[in-house]
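Asks: need a 3D model of the following:
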Amino acid sequence: MPDVIVIGGGVIGLLSAWRLAQAGWAVTLFDKGQPGAESSSAALGVLAPQAGPSRYSPEWLALAHASLALFSALADELRDATGLDIELRDEGLLYSALDDEQWRELRDEAQTQTAADVPVTLLSTDDARELEPALHHAPELRGALHFTAAKQVENVRLCSALALACEKVGVTIHAGSEVTRLLHEDERVTGVWANGEKYAAAQVVVANGSWANTLTGLPVRPAKGQALALAAPFSLTHILDSAGIYIVPRRDGRLLVGATVEDAGFDKRPTAEGMRHLLTHAIRFLPALKEATVLSHWAGLRPRSPDDLPLLGPLPGHAGLMVATGHFRNGILLAPITARLVSEWVSGQASSVDARAFEPARFSDGL
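Replies: Below is the predicted model of the structure:
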């Protein structure tokens, strides 16, 4: 019998399982498909904690910065454990203005970020182009805000590395095995039901993203995101962001463009309208992308909570159950700190960061 069952084989589930196994727990992981095949592989791998809309509270920002600080060590640890390079890059992100109104907003944004202790540099058009020569292809550029601490990771390689790392430390992975319900005795979760069989465990971690609602009743819904990979006639060094659209360079020369935010249920088919939306914004920013070749087009389902904040921690009335979902657009970014918290909670240790603002109990009255 495993000590811990982890439900969900995305980056958060895999990294949590790995950390738990490293801490000495016997861990079994269930995934309804192949580990890493859902939103973790569909993501763009942008790691950019930013102050912004009201949903990004100081607690969220502290959580995001704590997680970002763990990535360098994680990349080294995975390379040592598996021989795989997750391609962590630290050139930063350029948030760009394309008209005078956006430039005024960007200058206000610089003050907001600075007040929140987010390291940023406000750049003129010439300074931005000197830092990122590809911006010579952006004729409407008015200036940019350089988020100097932002990073990126090759998230598909991250999924592969974590799956291999889990295997090497003895995590039992049941791919293609959907957990359809939790097992209870009184108010304690005692295991799961999967593939017509019961699996007992002392503790269960629900980390299955957009599907967490079916097991917990928590208000998590899928938010569809579409993205493209392009072969462009120029190279790019920094992540570019304009009007909410990212253009992300990969070491193999591809440019990833994304992502939409759609309320489409569990329909993750890429659409012509999604492609049109992404290309329209990308080409307005960098008109030379008219000559780019579309290499691939895909969609994923991000787990979204009503307040756009993650759901982390025990669920009231369900002893032995931990929840780690609802990360919305920041699942890759928040994975290292989430996995650390899961391991600490399961092991009965004090939390290394204050996660009270993300307790699932804030929604338990509606269950």
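
Asks: might you list the low-confidence residue ranges for the stretch 51-200 of the chain?
Replies: Confidence mapping of the stretch 51-200 of the chain against pLDDT under 70 gives the ranges 52-56.

Asks: which residues of it fall in helices?
Replies: Under the criterion DSSP state H, counting those that start in this stretch, the stretch 51-200 of the chain contains helices at 58-68, 71-82, 100-115, 125-131, 155-168.

Asks: of all these, which one is nearest Thr338?
Replies: Thr338 lies closest to helix 58-68 among these, at 7.4 Å (Cβ to Cβ). To be clear about C-beta, it is placed using only N, CA and C from the backbone, and glycine gets the same treatment.

Asks: dump the closest one to CSV, keeping only the CA atoms.
Replies: In CSV, the C-alpha atoms belonging to helix 58-68 read as follows (Å, rounded to 0.1, in the frame of the first residue of the first chain):
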residue,chain,number,x,y,z
PRO,A,58,0.8,40.5,-2.2
GLU,A,59,0.4,36.9,-1.0
TRP,A,60,0.3,35.7,-4.6
LEU,A,61,3.3,37.7,-5.6
ALA,A,62,5.3,36.4,-2.6
LEU,A,63,4.3,32.8,-3.6
ALA,A,64,5.4,33.4,-7.2
HIS,A,65,8.7,34.9,-6.2
ALA,A,66,9.4,32.1,-3.8
SER,A,67,8.7,29.6,-6.6
LEU,A,68,10.8,31.4,-9.2
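
Asks: avg pLDDT for stretch 20-35?
Replies: Throughout stretch 20-35, pLDDT has a mean value of 97.

Asks: contacts for stretch 99-117 next, please.
Replies: With contacts defined as Cβ atoms under 8 Å, 6 or more residues apart in numbering, stretch 99-117 is touched by 50-52, 58, 61, 95-97, 120, 122, 140, 142-145, 147, 243.

Asks: any buried residues in it, and which?
Replies: Using 16 or more other Cβ atoms under 10 Å as the test for burial, stretch 99-117 gives 102-103, 106, 109-110, 113, 116.

Asks: buried among the contacts of stretch 99-117? Make that a PyMOL selection.
Replies: Provided next is the PyMOL selection string for whichever of those are buried by 16+ other Cβ under 10 Å:
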select buried, resi 50+51+61+95+96+97+120+122+142+143+144+145+147
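
Asks: what does stretch 69-84 rub up against?
Replies: By Cβ under 8 Å, 6+ apart, the surrounding residues in contact with stretch 69-84 are 47, 85-86, 88, 151, 153, 157-158, 160-162, 164-165, 168, 336-337, 340.

Asks: deepest-packed of the helices of the stretch 51-200 of the chain, please.
Replies: Between the helices of the stretch 51-200 of the chain, helix 155-168 has the highest mean count of neighbours, a mean of 22, where neighbours are mean count of other Cβ atoms under 10 Å.

Asks: quick one, domains of this structure?
Replies: As recorded under automatic domain parsing, the domains making up the chain are 4-84+154-219+306-366, 93-150+221-304.

Asks: so what would you say the end-to-end distance of the last one is?
Replies: Between the opening and closing residues of domain 93-150+221-304 there is a gap of 24 Å (Cα to Cα, to the nearest Å).
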